[in-house]
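Enquirer: Pasting the sequence and the predicted model now:
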Amino acid sequence: MPASSKEAARRSRHERLRRKVAGTPQRPRLFVKRTLHHIYAGVVDDSRGHTLVSASTRDSSVAEGSKSRTGVDAAKAVGAAIAAKAKAAGVKQVVFDRAGYKYHGRVRALADAAREAGLEF
């Protein structure tokens, strides 16, 4: 299966999920974006279209001390960072948007780390 059709299938799954998952001011949406080299996360209030907080392996504070920016350990660091930033912004509960990715590997590590750091979803 070529990479382009895999990405098209993921986008289709994401569109299907987004029909049901939306962020509100009380429960914003925690989204995940995965690439080959980095992982990104953000908390979005979809009713206003505002990104409240974000974190990624491109942030120097998150990337410090880790030998790789692509693995599960890096995803755990991003999860902990996004939870800390969200709690500082007054967000305690979120809706998790896995963006069509399998709940496995880096996506799961990010979600578990965010839960351990105090976010509820």
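Expert: Okay, I see it.
Enquirer: all strands of this protein, in order?
Expert: 29-34, 39-45, 50-56, 95-97 (DSSP state E).
Enquirer: The residue most central in space within the chain: what's it in contact with?
Expert: Geometric centre of the chain, nearest residue: residue 32, 2.7 Å, by Cα atoms, centre = their mean. Residue 32 is in contact with 39-41, 97-99, 101, 107, 110-111, counting by Cβ atoms under 8 Å, 6 or more residues apart in numbering. For the C-beta atoms, the positions are set from N, CA and C on the backbone; glycine is no exception.
Enquirer: possible to save the residues you listed as TSV with distance to residue 79?
Expert: Output for the contacts of residue 32, formatted as TSV (distance: Cβ to Cβ, whole Å):
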residue	distance to residue 79
39	9
40	12
41	7
97	14
98	13
99	15
101	14
107	10
110	4
111	7
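Enquirer: Show me the shaky parts of the protein.
Expert: In the predicted model, the chain carries pLDDT under 70 at residues 1-3.
Enquirer: before we move on, the earlier item: just the buried subset of the contacts of residue 32, please.
Expert: 39-41, 97-99, 101, 107, 110-111 (16 or more other Cβ atoms under 10 Å).
Enquirer: and which of the contacts of residue 32 is nearest to residue 69?
Expert: residue 39 (8.0 Å; Cβ to Cβ).
Enquirer: count of neighbours near the nearest residue to that closest one once chain neighbours are set aside?
Expert: Leaving aside its chain neighbours, residue 39 sits nearest to residue 75 (5.1 Å; criterion: Cβ to Cβ, 6 or more residues apart in numbering). Using other Cβ atoms under 10 Å, residue 75 has 25 other residues around it.
Enquirer: And residue 75, how close does it get to residue 62?
Expert: 10 Å (Cβ to Cβ, to the nearest Å).
Enquirer: And residue 4, by the same measure?
Expert: For residue 4, the distance to residue 62 - Cβ to Cβ - is 30 Å.
Enquirer: Looking at the two, which has the bigger crowd around it?
Expert: Neighbours were counted for residue 4 and for residue 62 using other Cβ under 10 Å; residue 62 has more, 21 against 8.
Enquirer: my read: the more buried one touches residue 55, true?
Expert: Yes. With contacts counted by Cβ atoms under 8 Å, residue 62 reaches residue 55, the gap being 5.9 Å.
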